[in-house]
Every structure is written in structure tokens, then in C-alpha cells.
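Participant: sharing a model that was predicted from the sequence below.
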Amino acid sequence: NQILALDGVLSDTLFPVLCTVQTSVRSLRRAFVLANRLSMLWAAPVAFGLVLFAQPVIAIALGPHWRPAALLVQVAGASVLINAVGYNWTQFFAARGQTRPSMVAGLGSAAWLVAVLIPAVKLFGLRGAAGAVVVQAVAFYVIRQIYVHKLFGRLPLWRIVWREALAAGVAAGTLWAVRLAGWQSTGWRSTALQMAVFLLLSAGLGAVAGRAALSEVLRAVRERRSEDSDLPQAGRAAGGVRRRATVSPHAFPLLVAGDTSGVLWVTTRDVPAIGRLQPGTGHWTWTETPSFPHAPTPDGRGGCFTALTRSSALAHVSGDGRLSTYGVARTRELLVTALEEETLWAVDGHRRRLWRLPPGADGPDAVPLPEGVVRPDYVAPVGGGRLWIGDTGAAVVAVVGGDLSPALFAVPHPARFLLPDPARGGVWLGASDRPLVTLVEMVGGVPVVTGAPHTLTVPSVPFGMALLDDGRMAVALKDLDMVRICDPDGPPHDIELPAGAMPMGCAVVGQRLYVTLAGIGEIAEVSMADQTWASSPVFAR
């Protein structure tokens, strides 16, 4: 495990990025392949090195009577090679909030210790321990392969890393052939020289075998440095834009909302917290929460509500930073919250229901959603005591009124985001499966689709949305690293962001637009008064 610690560091570094692309299996698959090719460049030489040098090092360092222990070290080297294939697989499931695979792996490890390792050592000594290590490596490879197929489809693990493993194997085979030709490890000097030759061969062959993966990483680093050199520093305005840091560089901001008092609220994951920004002073107040806060819902009294997605609870942060939680029945996915006449509502995407927390109540109660709801995600108050609940898996909207009897209505497409537009008498639906934003007419608080609805085409599937004071609409396009300013009555304008910024949430406070940049752990603050929209890029590329 210590030998694979570097792989663990790489996985921990990638984890915030994986969380930002958790809904894109294609992006996760690409990251999985790249990360494992890079880690094998390190793991394969270590594994073959243990096999090559176990006997001479043990004989020189510990004496001839320790030679039998070399078998265990060599088998451990083989185990390192097998375990390094897909080593970081659990991180990709954890980024999607799926922790059962990690539990299965942990239970399997405990079972192996009790059922295989201990009996094998008792019965067969070192040879038994070596055999148990082989059993563990092969069994866990099979477990990894099964789960990787479930997440990514057909993806044989050995095909990902065979080039890098082969490069180290060729280096080891070359040195082994040289030994057979007569160059023996008889002391520290000759052994150290052989190690140096092996490392040089491994590095050279590994650079050839892994050149595509290394080139991709180096290209991304150069692009990021180039962008960072052109961008304003955090907290410094340039062209009407300010970049603000969050509670931690490892905490990516998810969604954002503005309070009527001019306060901005932001939720972050990885380092789960709710942030409160006073735009006038630039002062942040952060309150840590259990995992993971979802959408912020200001309470209008200086505090903010949110749902704790993985903790089966609703949370409230008061104006002075005190955290209160309200537990619900166990669920895997609490999502968006909304306030309607001081009652808090939260979408339970897993159980397909709403949770309702009236003012002064000891805890929430459940409101079931109608049959036909597939994957509820977003809830929005539309006035008159009614709520609309968007569905990312079906072209329907559930409407809940004062009698708590939800009704189901067909809409043009599934929706991830709902944005009421009182001036136009409807609700904008940000599609979850296509690059569209559609205005659905609202009559008596319910959707009415008569004729062709008002549809705006955007360059990519929309994520967060916000209405500007002049009636236009900001739409975050996470996959394209940009925000589009949509004008239903005129041409659109784009705000380009750095590569990898991954804008997710939008909110308007006064004359400023705030956008959470999940990929780089920052928040963009755009002064609307300084924007003429004559030129698209706000961030220079």
C-alpha cells in the first residue's frame, strides 16, 4: 500500500475535478484512462524492480539466511503491478456519490485477511503468505473490473496500461538477460549500478510508451499557465470582472443565490461549506457543513437553507454562522431547496418525493410525487402558493399547491433548471438532455403548452440560469466554459471563461452577475454596468 501511495496522491488531487464532471460518464472515463496510464509509469518500474532486486538486496543487507524472504518480496512486486491496474477506481464512484463499491472492497479485504491470509500463513508459512497475496491481487482485480464495466461500459483494465507495463517489463527483461550473460549483483556497488541502469531503461521506454498521456498533461498545464498569466489575480478587477476564491482551493463551488438584502450565498463541495459574501466589503463568512450542501436558499432574514445531499438532512445557517440541521428519512440524493411563504421545500431525487419544513416545525414531513416522475431535481416557487418540480429524466413537471396534491403536466423536454419569469408570464426550463431553454406559459400557476413555446437554442446543455434586471437571462454552459447572455428579443452575447472553469451556477445581485467556476474553485463576479457586450470574451484566452 505504501508503494502505491503516489497513486493515492494523484487520485486525491483529481477528486475535486472528478466531482465537477460527475454527470459526464464520458469525461470520467477519459480521466480514468489518463490517470491510470500516468500512475502505471511509476508503479510498473517499482513492481518489476522488487522482483529483480529482492534477492540481491536481501542477501547483501540481511545475510544469506534471509534469502527465503525474497519470495515474499517478489510476489509483493507482482501484486503491486496487478493492484496498480485501475487502483483509483473507487474515487470515480465516490465522485458520483456511490460509496457501496468502496464498502464491498473493504469487506472483501477483511474477508481475505481472515479466510485466506491467516490460514495460509499458519499452514504453509512464507509460501502460504505469498500465495495469499496472489489470491488477493487477482480477486481484487476481478472486483475492480466488474465495477468499472458497470460505470464505463466495456473497458478491459489491462488494455489501458499494457504499454506502460510492457515498457517496464522490457527494461526488466533486458537487465535479466545481462545478468544471465555474466553481470552479477555481488555487492552494493554492482547492485546500485544495476538499479541505475534499470531506472534509466524504464524511464526511456516509459517516456516512449506513455508519450500520448504525458503530452496531454503537459499541454493542459501549459494552457492553464498561459490563461492564468492573462487573467486578473483573484480579488483584482479587470474589465469589469473579478475572480474570488472560495473557502479552499480544493472546494469547488456548486451553486449560488442572491439574497434580497444584497448578500451572496455559495455552496461548496469536497470541503463542504456554505459561504456568505458581502459584495460591498468583499468579506466572506464560511460555515462548514456535513456532506454535501447543494443549492443555497436564502431565508430573507440574513440566513440560508440548503439540502445536505449525502447526509439525509436539511440545514440552516443563521446570519451569525450557526448551523442547524433537520434530519429526514435516509436517502441518497437530497437536491434543490426552495422557500414558499416561509415553508422550506426540498427535492428528494432518490425517493422521488418532496420534504416540507414549515416554520417552527420540529422536523420535515414527506410529500409524495405522482407516478410518472422519473428523476425529480429542481423545485421553484411560481407564486400563489404553488411549486413546480422539474424532472431530468422525463418531459414532465409536477405542480404542488396548497392542498399538497401534486399534479403532473407534460412539458417540451426534461429540465434541470426552472427559472420563473413573471414579466413574461411563464417559467424558463433549462433542458437536461439537449441545448435548449424553453419558456412554458403559466396559467393559474400550472404549465400550459399551447402551440410552439418560446425556445432558445444555446451552444450546449444549460446548467445554472439567472434573470438579469433588463429581462435577459444568463445561462451557464458548463461543458463549454462560457456563460451565454440570452435575449429572447435580440441576439445573444457570450462570456468566455478559462478552459476547465466549468461554470455551474449563476446569480444576480444588484448590477453584478456571479458565476461559480467549479473546475478552478473560484467565483466570477461580472459588473453588468461595465459590460457593453460588444466583444464576447470577458476572460482573455
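Facilitator: That came through fine.
Participant: give me the residue ranges of this structure where confidence is low.
Facilitator: Scanning the chain with the threshold set as pLDDT under 70 gives 1-24, 97, 220-243, 249-250, 450-453, 530-541.
Participant: what segments of it are helices?
Facilitator: For the chain, the helices defined by DSSP state H occupy 5-20, 25-62, 69-83, 89-95, 100-112, 118-152, 157-180, 188-209, 211-230.
Participant: which strands or helices does the fourth one pack on?
Facilitator: Helix 89-95 makes packing contacts with helix 5-20, helix 25-62, helix 100-112, helix 118-152 when contacts are defined by 3 or more Cβ pairs under 8 Å, 6 or more residues apart in numbering; DSSP states H and E. Quick note: C-beta positions are derived from backbone N, CA and C, even for glycine.
Participant: dihedrals phi and psi, Thr281?
Facilitator: Main-chain torsions, Thr281, degrees, to the nearest 10: phi -100, psi -20.
Participant: which residues are in contact with it?
Facilitator: Contacts for Thr281 (Cβ atoms under 8 Å, 6 or more residues apart in numbering) come out as none.
Participant: over to Asp299?
Facilitator: Contact analysis of Asp299 by Cβ under 8 Å, 6+ apart lists 305, 316, 339.
Participant: ok, and the most crowded of those residues?
Facilitator: Taking other Cβ atoms under 10 Å as the neighbour criterion, Phe305 ranks highest of the contacts of Asp299 with 25 neighbours.
Participant: that one reaches Val336, doesn't it?
Facilitator: No: taking contacts as Cβ atoms under 8 Å, Phe305 lies outside contact range of Val336: 10.8 Å.
Participant: gap between the closest residue to Gly262 other than its chain neighbours and Leu214?
Facilitator: Leaving out its chain neighbours, the residue that sits closest to Gly262 by Cβ to Cβ, 6 or more residues apart in numbering is Val509, at 5.7 Å. Per Cβ to Cβ, to the nearest Å, Val509 is found 44 Å from Leu214.
Participant: ok, the two, which is more surrounded?
Facilitator: Taking other Cβ under 10 Å, Val509 and Leu214 do not tie; Val509 has more neighbours (21 against 16).
Participant: who's that one bridged to?
Facilitator: Legend: beta-bridge partners of Val509 under DSSP bridges are Arg512.
Participant: Gly258 is in contact with that one, correct?
Facilitator: Yes: here Val509 reaches Gly258: they are 3.9 Å apart, a contact under Cβ under 8 Å.
Participant: who touches both of the two?
Facilitator: Common neighbours of Val509 and Gly258 are listed as Leu264 (criterion: Cβ under 8 Å, 6+ apart).
Participant: looking at the helices of the chain, which is buried most?
Facilitator: When these are scored by mean count of other Cβ atoms under 10 Å, the highest mean neighbour count falls to helix 89-95 (a mean of 21).
Participant: what distance separates that one from the middle of the whole chain?
Facilitator: Helix 89-95 has its average C-alpha position 9 Å from the chain's average C-alpha position, going by Cα atoms, centre = their mean, to the nearest Å.
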